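Trainee: When you get a sec, could you give me coordinates for this:
(one chain, ligands or ions: 2)
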Amino acid sequence: MAFWRSKKSDPDPTPPAATTGSGDAEPTIQPVQPRGSGGVLAKITGGLNKTRRVLATDIRDLFKSEGRLVDEEFLGELFARLIRTDMGIKPANLIKDEVAKKFRGRVVQLEEVIETITDEIRQQLRQDHGGLAKSDSPPTVILVVGVNGSGKTTSIGKLAHLLHSQGHSLVLGAGDTFRAAAVEQLTIWAGRIGCEIVTGASGADPASVAYQTVDKAISLGTDYAIIDTAGRLQTQSNLMQELQKIRKVIDKRLPGGPHEVLLVLDATAGQNAISQAKGFSEAARCTGIVLAKLDGSAKGGVVLPIRDQFQLPVKFVGLGEGMQDMAAFDPDSFAEALLKG
Ligand SMILES: Nc1nc2c(ncn2[C@@H]2O[C@H](COP(=O)(O)OP(=O)(O)OP(=O)(O)O)[C@@H](O)[C@H]2O)c(=O)[nH]1
Ligand SMILES: [Mg+2]
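Mentor: Ligands and ions are numbered 1, 2, ... in the order given. Model prediction:
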């Protein structure tokens, strides 16, 4: 049965599942929310309000009703406006070049330029394997990592809700034993969703909590185990080693796990989120990105350099603090929501 479908009567819109490609032991990668499902586009459009307000308004300001000649002055002004969304120089240059290639020396209307920019952004955001890993022999184990306050625990709550609402069973693991409040926070999420949670005493070894979480998921026969971790910086080598240990014990209890290591980035940090997290993603051997807090940011353009600079797919976007405020990342919907809507 298709991974995201909770009702047997649903028509099957499933594209063939991609695989990570290197053998039978690899988990398959499957979409969590198909395009057009559950108001995903509306959700993304709502979440990108702030960015769109800046971007679309800025670009509209470049035009008069009779259109605008595309010359160096126009291209320079367009570039300056694109940059304001924190999309970075390279993506903004690529967009500018595309507009120049198509329209230089012509008088164009706003709609033509918006269409070209949307298409170019869509191209730049294209990625393979945007879905979530799914192990052939459950549970699928997802480890969630990132710097302090990026949105890890909230993203786990929202992802757990998404999976649970699609009929999947899961166990959460409160692997952030550093702060008592972190355990409490995840326990509240588990209560709201109605799923199991494994917690350790304050200060307990996070690796032992991870082990017990996988153990519990195996004994209950759940589809997923999602494990939280304390925030850390890539420069804190002892804490980065701790992540290695967590990975190792997961693999010990369930060979092949974790199947997914999600790096949560804070979109409000714009370009800073990227520099902070670049080394991190390699050191922790991340498999995908969750871009949280897009709703609170006018810097949604940051997803472009993230796609450009990380060899990782963006898997989910966080669009608010509520249980339902998460969407699977889809380049087409995202590009549309960034400029239109
Ligand atoms: N607006 C908005 N706020 C978010 C989103 N995701 C997280 N937050 C808020 O950001 C703050 C930090 O979120 P947490 O989930 O606690 O972040 P964390 O990475 O687990 O933090 P540490 O465990 O301290 O490292 C909280 O106030 C969340 O409610 C989002 O998508 N949108
Ligand atoms: Mg947390």
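Trainee: Residue 169 against residue 220, yeah?
Mentor: Yes - between residue 169 and residue 220 there is a contact at 7.3 Å, judged by C-beta atoms under 8 Å. The way it works is simple: take the backbone N, C-alpha and C, and place the C-beta from them, glycine included.
Trainee: of the two, who's got more company?
Mentor: residue 169 (16 against 13; other C-beta atoms under 10 Å).
Trainee: and the closest residue to the more buried one other than its chain neighbours, what pLDDT?
Mentor: Excluding the flanking residues, the one nearest residue 169 by C-beta to C-beta, 6 or more residues apart in numbering is residue 222, at 4.1 Å. Reported pLDDT at residue 222 in the predicted model: 98.
Trainee: Isn't residue 222 up against residue 141?
Mentor: No - taking C-beta under 8 Å as the definition, residue 222 is not a contact partner of residue 141, at 10.5 Å.
Trainee: Write out the residues of the stretch 151-300 of the chain neighbouring ligand 2.
Mentor: Residues of the stretch 151-300 of the chain found near ligand 2 (C-beta under 5 Å from the ion) are 152, 153, 182.
Trainee: Out of those residues, who's the most crowded?
Mentor: residue 152 (27 neighbours).
Trainee: Could I get the contacting residues of it?
Mentor: 144, 145, 146, 176, 228, 229, 231, 264 (C-beta atoms under 8 Å, 6 or more residues apart in numbering).
Trainee: and with 10 Å instead?
Mentor: By C-beta atoms under 10 Å, 6 or more residues apart in numbering, the residues touching residue 152 are 144-146, 175-176, 182, 186, 228-231, 262-264, 266, 290, 292.
Trainee: Equivalent analysis for residue 242, please.
Mentor: Residue 242 touches 175, 205, 206, 207, 229, 230, 232, 236, counting by C-beta under 10 Å, 6+ apart.
Trainee: mind redoing it with 8 Å?
Mentor: 206, 207, 232.
Trainee: repeat for residue 114
Mentor: 56, 59, 339, 340.
Trainee: Dump the residues you listed to CSV, plus pLDDT, secondary structure and distance to ligand 2.
Mentor: Formatted as CSV, those follow (pLDDT from 0 to 100; DSSP: H, G, I helix; E, B strand; the rest coil; distance: C-beta to the ion, whole Å):
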residue, pLDDT, secondary structure, distance to ligand 2
56, 84, helix, 34
59, 91, helix, 37
339, 87, helix, 33
340, 82, coil, 34
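Trainee: are any of these buried, and which?
Mentor: Among the contacts of residue 114, the ones that count as buried by 16 or more other C-beta atoms under 10 Å are 56, 59, 339.
Trainee: any idea how far the residue lying closest to residue 321 once chain neighbours are set aside is from residue 318?
Mentor: The shortest distance from residue 321 to any non-neighbouring residue, by C-beta to C-beta, 6+ apart, is to residue 154 (6.3 Å). The gap separating residue 154 from residue 318 is 7 Å, by C-beta to C-beta, to the nearest Å.
Trainee: Keep only those of the contacts of residue 152 that are in helices.
Mentor: Among the contacts of residue 152, the members falling in helices are 182, 186 (criterion: DSSP state H).
Trainee: so which of the contacts of residue 152 are also by ligand 1?
Mentor: Counting by C-beta under 6 Å from any ligand atom, 146, 176, 182, 231, 264, 292 from the contacts of residue 152 sit close to ligand 1.
Trainee: before we move on, back to that, so between residue 222 and residue 141, which is more surrounded?
Mentor: Between residue 222 and residue 141, residue 141 has the larger neighbour count (other C-beta under 10 Å), namely 30 against 18.
Trainee: that's a strand at the more buried one, yeah?
Mentor: Yes - checked against DSSP: H, G, I helix; E, B strand; the rest coil, residue 141 lies within a strand.
Trainee: Now do the same for the closest residue to ligand 2 within the stretch 51-200 of the chain: helix, strand or coil?
Mentor: Per C-beta to the ion, the residue of the stretch 51-200 of the chain with the smallest distance to ligand 2 is residue 153, at 3.3 Å. Secondary structure for residue 153, judged by three-state DSSP, is helix.
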